[in-house]
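Novice: 3D, please:
(chains A and B)
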Amino acid sequence: MALSARSILDVSDLNSDEVFFLLKETKKLKEQAKPHGVDFSQNLSKSVALMFFEPSTRTRTSFEMAAFRLGLRVLNFSVNESSVKKGETVFDTAKNIEALKPDAMVVRHGGSGIPYKISQLIKIPVINAGDGFHAHPTQALLDAYTIWERFNDFKNLEILIIGDIAHSRVARSNIKCLKMLGAKITICAPPTLIPPFAQAWGVKISHNLDEVIAQANVVMSLRMQLERQSSYQVPSLKEYSSLFGITFERLKAIRKDAIILHPGPVNRGVEFISAVFRDERSKVMEQVSNGALMRSVLLSEVMGVPR
Amino acid sequence: MKTKTFKNAHLFDPSLNLNTQGSVVVEGDLIIDVIKGKNADSGEVIDLHGALLTPGFIDISCQLGEPGFEQKESIQSGSHAAAAGGFTTVCMSPQTNPVNDSGFVTQYIQEKINTTAVIKVHPIGAISEKLNGQNMAAIDSMIKAGCVALSDGNKTVMNAYLLRKTLEYLKTYDVPVVEHCEDVNLVGLGVMNEGEVSSQIGLRGIPNAAEDVIVSRDISLCAHTNSKLHLNNLSSHGAIEVLAHAKARGLPVTASVTAQHLLLTEENLKFYDTAFKLSPPLRAEKDRTHLVSALQSGVIDCLTSGHTPHSEEDKDIEFELALSGASSLETTFSSTYSIVEKRELSLERLVESLTLSPAKIFKFSDRGQLKKSMKADLTAINLNLAWQVDTNKFFSKSKYSPFNGAKFNAKVVATFVNGVKVFDVEKGILE
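Specialist: The predicted structure is shown next:
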C-alpha cells in the first residue's frame, strides 16, 4: 500500500481498498500476541511528535501506546490553546516542532482545518487526531475495525449514530468511512443537534430513537458536551437522556446480535446508563484496545517502519 | 484658470446615455465641456488613447485604519489603493481607535485626509458611542466636522429603539444611516455561511436568517420613521426579496453589495483560506445570482469595495480566530468586470453603481456624472488589458485578497481628482 509519507487528514484521503488493507493489518497485529521476528532496531532512531492543542487523554495515550509498540520515540507537546493565542500562532508552533526533525506529526486541535493547514506548511506527514467539528479519521478507522471484527462485512449493515452530530468530528468521519464501505446510516438526535444540510450526506435522519433503535446492527452513541445545555441546544441533560439516552428499556430493544459503541469518555447516566458497560453487546473497551492497534498500523505505514 | 483637454476618450456615462468617442474639457477642478464625436485641444492636452472614461468611482463602504490601526491601513495608503482602483471618493467607516464618535475625532481624521490623501476621503460617524450600541454618539458635532453618514461600521445596531431614535434624529440633517445587517445572536460563534460546505468542513455557520431578520426589522423602522436608510453590503437572497418589496412601496431605503459577494461563494472556503473569510459571509450560488440580478435591476443601488484591511497577525492564523475582511479597493472594478464579460451584468449598471448611484445616496451633488459643472473626477479604464492580481504589489498595506492570483481583463489605467492625475498604470501614484 502506498500510504508511506502521506498525510492522513480525513477518511476521504483513503480509498476503500486502503481502508480494508488497514483493517486486515490491524487484525494481523492483534492476532500476534507479541512481535515475532520483527527487527525494531531501526525504529528507535525515528520519532513522532504528538501535538495536542486541545485537552485529550484517550487519543493521546492511544497514539503513545501505538508508537511504543513500534519502538518509536515520542515527542509530546500539549498546550492549552489559550496560551498559544497570547504569542505565536499554531502554525509557528508546528514549524518549530518540525525544526526538531521528527519523522511524523500527529495533530489534535479545536479548530477545524488546522491539521490540513499544518500539512500544507511542513514537509513531514501529518496525521489528524481530531480537528474541531471536522474530522477524526483514526477514530473512524478504529470504529470500522471494531464493526468489521464483529460482522466481517459492511454491506447492508444498519448503523445508528445517536447524539450531537452537529458538533461531532467523530460522526462526520464515521459517516464518510462507513458509507464508503457500504453501510446504511441513520443519525438520530433532536433537530438542534443535526447539522443544517445534513440531508446532503445521504443518511437517514430521525428524531425519535424508539422508532429506529430496534433495526440497528450497530448502535453508536456520541458524547454529549455538557455545555450544550447552556448554549440552547437542549433544555436539559435530563431531558436529553430521557429522549436519546440508552436506558434499560432501550437496551432491551436493541437487537441481540447488535453491538454498542461510544467514542468515550461516556457521561454515565446521560448517553448510557451504567448497565450498558456490563452488557455483552457493548464494545466500548474493545474500541480502546483496537484504537491503539489501528494507530500502530497507520503510523508504521505512514512512517514506513516495520511492525 | 488652467484649461486641460482629455482627448481620444471613450466617453461612458450610462446616466446620460453617453457612450461615444470624444473629449472632456476641464478648467480648474471643474468639467466645462463634454464634446462628443470629436477631439478638442484647448490648453494642456491629455491623450487617453481610446480608454473608457467614466465619472470617478465612489465607494461608500471601506475601512481605513487611521487612527489606531495604521499597521493595517493608513488614510494615505488607503487613498493610494483607492486611486489605483479608480476611486476618486471613498467614505471611511468609523471603526477606528478611538472610534469616530465625536467632532474631535472627525477633525483629526479630516486633518489626516487633508495632509495625506490623494483622493477625496469622507469620514462616516458612529451611531453609538464607542460603537457600544447603547448611547447616541455626538451626531451634530460629527456632521458639522464633515461626516457624510452615520453607521456603526460592521456592527449591527441591535437595539431597535436606538436605531429608531437615530433615524428620527437625523431627519434634520439629511444624512443616511448605513446599517450592517447581521443579528449578533444568530451569528453566534458562526464564522462562515451556514450551508452544505460548513456542514462538511465542520465550521460553525451563520444562517441567511441572521441578515434577513435585521433587513426586515430595519425596513419596518424605515417605514415607521420615513428616514433614509442604507442597508450595507447584503449577502442573502431572502434579504433581497424583502428589500425589493420595500422599494416597491416607495420607502427611502437603498442597498449595496461588494464585488466579492457578486463573484464568490461558500465553495471558495473549502480549504479554510482566511482570505475568503468576510462579513457578511460568502453565501451559496443561489444568493450570488440573486445579488447579481438585484444589482442589474437596481434593487441593489450600488457596488462597494467593502475594503477591510487586516494584517498578517489577524489573517494568517486559525480560521475561527482570523478577522473577517479583505483588501479590495484595487480589485473592485476589474473583478466585477469579469461578470460583465460573462453577461451576468451590464457595463452600464456596473459603472452607474460605482458613480451616480452612490453619489445620490450620499448627496454628492458635485460628482458622479460626466457633464458640465461637475468636479473633474475621472476614471480611465482599458477594457483589454489583461493582468493578474498579485497582492504583494498592492498599494494597500493589507495583502489579503480572495482574488490573489486571479486574472482579469480590464484595468484602471488613470485616475484624476479635480482634474489632476493621481494614478497612472505605468507610473503608479502621483503625489
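
Novice: Tell me the residues of the stretch 101-250 of chain A that contact chain B?
Specialist: A:109, A:111-114, A:116-117, A:131-135, A:169, A:172, A:195-198, A:200-201 (CB under 8 Å from any CB of the partner chain). (Glycine included, C-beta is placed from N, CA and C.)

Novice: Let me know the average pLDDT across the longest helix anywhere in chain B.
Specialist: Identified as the longest helix of chain B according to DSSP state H is helix B:208-225. Summarised as a single mean, pLDDT over helix B:208-225 is 98.

Novice: Can you tell me which of the residues of the stretch 101-250 of chain A next to chain B are buried?
Specialist: A:109, A:111-114, A:116-117, A:131-135, A:169, A:172, A:195, A:197-198, A:201 (16 or more other CB atoms under 10 Å in any protein chain shown).

Novice: Can you give me the distance of A:Leu178 to A:Ala198?
Specialist: Per CB to CB, to the nearest Å, A:Leu178 is found 15 Å from A:Ala198.

Novice: For B:Lys286, which non-adjacent residue is closest in space?
Specialist: Residue nearest to B:Lys286 in three dimensions, not counting chain neighbours: B:His237, with 5.7 Å by CB to CB, 6 or more residues apart in numbering or on different chains.

Novice: Next, the contact list for that neighbour, please.
Specialist: Taking CB atoms under 8 Å, 6 or more residues apart in numbering or on different chains, we find B:His237 in contact with B:Asn208, B:Arg283, B:Lys286, B:Asp287, B:His290, B:Leu291.

Novice: Give me the distance between it and chain A.
Specialist: The spacing between B:His237 and chain A, counted by CB to the nearest CB, to the nearest Å, is 16 Å.

Novice: I'd like to know how far that residue sits from A:Met65.
Specialist: Counting by CB to CB, the gap from B:His237 to A:Met65 is 52 Å.

Novice: follow-up on the earlier one: remind me what whichever helix or strand comes after the longest helix of chain B packs against, helices and strands.
Specialist: The C-terminal neighbour of helix B:208-225 among helices and strands, as given by DSSP states H and E, is strand B:229-232. Under the contact definition 3 or more CB pairs under 8 Å, 6 or more residues apart in numbering or on different chains; DSSP states H and E, strand B:229-232 sits against strand B:57-62, strand B:177-180, helix B:208-225, strand B:253-258.

Novice: closest to chain A out of the ones you listed?
Specialist: The closest of the helices and strands packed on strand B:229-232 to chain A is helix B:208-225. By CB to the nearest CB, the value is 10.5 Å.

Novice: Which other helices and strands does the closest one contact?
Specialist: Identification of packing neighbours for helix B:208-225 by 3+ CB pairs under 8 Å, 6+ apart yields helix B:160-169, helix B:184-187, strand B:229-232, helix B:237-248, strand B:253-258.

Novice: Kindly recompute the last result at 7 Å.
Specialist: Contact analysis of helix B:208-225 by 3 or more CB pairs under 7 Å, 6 or more residues apart in numbering or on different chains; DSSP states H and E lists helix B:160-169, helix B:184-187, strand B:229-232, helix B:237-248 as its packing neighbours.

Novice: about what we covered before: kindly state the pLDDT recorded for the residue nearest to B:Lys286?
Specialist: If you check B:His237, the pLDDT there is 98.

Novice: Count the residues that sit near residue 238.
Specialist: In the absence of a named chain, chain A is used. 13 (other CB atoms under 10 Å in any protein chain shown).

Novice: My question was about chain B, not that one.
Specialist: With neighbours defined by other CB under 10 Å, the count for B:Gly238 comes to 18.

Novice: for the closest residue to it other than its chain neighbours, what are its contacts?
Specialist: In this structure, B:Gly238 finds its nearest non-sequential neighbour in B:Asp212, 4.1 Å apart by CB to CB, 6+ apart. The contact partners of B:Asp212, by CB atoms under 7 Å, 6 or more residues apart in numbering or on different chains, come to B:Ser236, B:Gly238, B:Ala239, B:Val242.

Novice: quick one: the second one and B:Pro207 touch, right?
Specialist: Going back to what we said before, that points to B:Gly238. No: with contacts defined as CB atoms under 7 Å, B:Gly238 does not count as touching B:Pro207, sitting 9.8 Å away.

Novice: Please enumerate the helices of chain A.
Specialist: Taking DSSP H as the test, the helices found in chain A are A:16-31, A:58-69, A:81-86, A:90-99, A:114-121, A:137-151, A:169-180, A:209-212, A:237-244, A:248-253, A:275-278, A:284-303.

Novice: ok, and the helix or strand in chain B with the lowest average confidence?
Specialist: Each helix and strand of chain B was given a mean pLDDT (mean pLDDT, DSSP states H and E); the minimum falls on helix B:312-315 at a mean of 92.

Novice: could you dump that helix to CSV, C-alpha only?
Specialist: Once side chains and other backbone atoms are set aside, the C-alpha atoms of helix B:312-315 remain, and they are given as CSV (Å, rounded to 0.1, in the frame of the first residue of the first chain):
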residue,chain,number,x,y,z
GLU,B,312,-0.8,39.1,8.8
GLU,B,313,-1.3,38.8,12.5
ASP,B,314,-5.1,38.9,12.1
LYS,B,315,-5.3,36.7,9.0
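
Novice: Which SSE is immediately downstream of it?
Specialist: Next in sequence after helix B:312-315, counting helices and strands by DSSP H and E, comes helix B:332-341.

Novice: Summarise which helices and strands that next one is packed against.
Specialist: helix B:259-263, helix B:347-354, strand B:407-408.

Novice: Just the buried residues of that helix, please?
Specialist: Of all the residues in helix B:332-341, those buried under the rule 16+ other CB under 10 Å are B:Thr332, B:Phe333, B:Ser334, B:Ser335, B:Thr336, B:Tyr337, B:Ser338, B:Ile339, B:Val340.

Novice: Which residues does that helix contact?
Specialist: B:57, B:85-86, B:259, B:262-263, B:292, B:303, B:305, B:345-347, B:350, B:354, B:381, B:403, B:408-412.

Novice: Buried members of those residues into ChimeraX, please.
Specialist: Burial among the contacts of helix B:332-341 is assessed by 16+ other CB under 10 Å; the matching ChimeraX selection reads:
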select /B:57,85,86,259,262,263,292,303,305,345,347,350,354,381,403,408,410,411,412
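
Novice: just to revisit the earlier point, go through the contacts of B:Asp212 and give me the one with the most neighbours.
Specialist: Each of the contacts of B:Asp212 was scored by neighbour count (other CB under 10 Å); the top score is that of B:Ala239, with 30 neighbours.

Novice: how close does the residue lying closest to that residue once chain neighbours are set aside get to B:Glu285?
Specialist: Spatial nearest neighbour of B:Ala239, excluding adjacent residues (CB to CB, 6+ apart): B:Val215 at 4.2 Å. Counting by CB to CB, the gap between B:Val215 and B:Glu285 amounts to 20 Å.

Novice: Between the two, which is the more surrounded one?
Specialist: Neighbours were counted for B:Val215 and for B:Glu285 using other CB under 10 Å; B:Val215 has more, 24 against 11.

Novice: for chain A, where's the lowest mean pLDDT among helices and strands?
Specialist: Among the helices and strands of chain A, helix A:81-86 carries the lowest confidence by mean pLDDT, DSSP H and E, at a mean of 55.

Novice: about what we covered before: would you list the helices and strands packed on helix B:332-341 in JSON lines and tack on mean pLDDT and distance to chain A?
Specialist: Output for the helices and strands packed on helix B:332-341, formatted as JSON lines (pLDDT from 0 to 100; distance: least, CB to the nearest CB, whole Å):
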{"stretch": "helix B:259-263", "mean pLDDT": "98", "distance to chain A": "20"}
{"stretch": "helix B:347-354", "mean pLDDT": "98", "distance to chain A": "32"}
{"stretch": "strand B:407-408", "mean pLDDT": "98", "distance to chain A": "23"}
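
Novice: For B:Ser328, which of these is the nearest?
Specialist: Nearest to B:Ser328 among the helices and strands packed on helix B:332-341 is helix B:259-263 (6.4 Å), distances taken as CB to CB.
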